[in-house]
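> Below: sequence and its predicted model.
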Amino acid sequence: MQKTLAMGIAALVLSATSSFAADMAVRARRAPPPPIVEPEYNWSGYYIGVVGGGATGSSEHEFSGDTHGRFDLNGGLFGGTLGVNWQAGQYVYGIEGDVSWTSISGSTTGVPSSCVGGTCRTENSWLGTARVRLGWEANRALFYVTGGAAFGDVQGIERHFDSGTTTRTGWTAGFGVEYAYSRDWRWKVEYLHVDLGNDVTYAASLGLPHNVHFEAEVFRVGLNYMLNWGVMR
């Protein structure tokens, strides 16, 4: 009987060992789970955002073949943005528009011709652009160039004598980088050169028409939010 019991125990041990070995063999043949890969970011879609920054530039008041001389401008800006992108491979095409409140201004006493009343001044209180963008994306980073039309007001003042304001259409061009830190939120850093031209703005003493030139270098940062308006994402 002892011999039979021993043989039974041996059979059970052998059966358990065989089952364990077979199970281990199956486990060994199973492929490991695939690594989790983050999906490629898609830049296509509409977006809305805010921008803010500062500008430096220059202005000049010219009249009847003479000038009060070129002088510096500077100030800040804050506004809103609306745009849309289409992505094709690693290239991103877009249209973007923005309007900003600005406080860009500067003044001079006049060189070589002195300003009547002691001071000539140029002010800009709003600035907008309508541009195309062409970019190259590296997943969540977009490097782009941009250019198009610029719009804004230019006020020329010759102290105590005359002033005037015109709404101008000019041009702008620049470049920037945008980064998507989530599916819907992106920040950007951008540079734009803005030229609003040289046009008659006011007539000072003796009724001489004064052309006021305005151009600026705009440096700004922005925050954009993606909208789900039916463009493929």
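Thanks, I have it.

> use CA for all of it now, contacts and neighbours both
OK.

> For the residue most central in space within the chain, name its beta-bridge partners.
By CA atoms, centre = their mean, the chain has its centre lying nearest to residue 188, at 4.4 Å. On the basis of DSSP bridges, residue 188 is bridged to residue 178, residue 222.

> check contacts around it.
Residue 188 makes contact with 176-179, 221-223, according to CA atoms under 8 Å, 6 or more residues apart in numbering.

> would you turn those into CSV with neighbour count and distance to residue 53?
As requested, those are exported to CSV (neighbours: other CA atoms under 10 Å; distance: CA to CA, whole Å):
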residue, neighbour count, distance to residue 53
176, 19, 14
177, 18, 15
178, 21, 16
179, 19, 18
221, 18, 6
222, 19, 9
223, 20, 12
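
> Pick the one among those closest to residue 162.
residue 221 (36.5 Å; CA to CA).

> From residue 123, how far off is that closest one?
23 Å (CA to CA, to the nearest Å).

> Equivalent analysis for residue 167, please.
From residue 167 to residue 123 the distance is 12 Å (CA to CA).

> Pull up the overlap in contacts between those two.
With CA under 8 Å, 6+ apart, residue 167 and residue 123 have common neighbours residue 154.

> Neighbour count for those two, which is higher?
Shown here are residue 167 and residue 123; by other CA atoms under 10 Å, residue 123 has more neighbours (22 against 15).

> which SS class is that one?
Secondary structure assignment for residue 123 (DSSP: H, G, I helix; E, B strand; the rest coil): strand.
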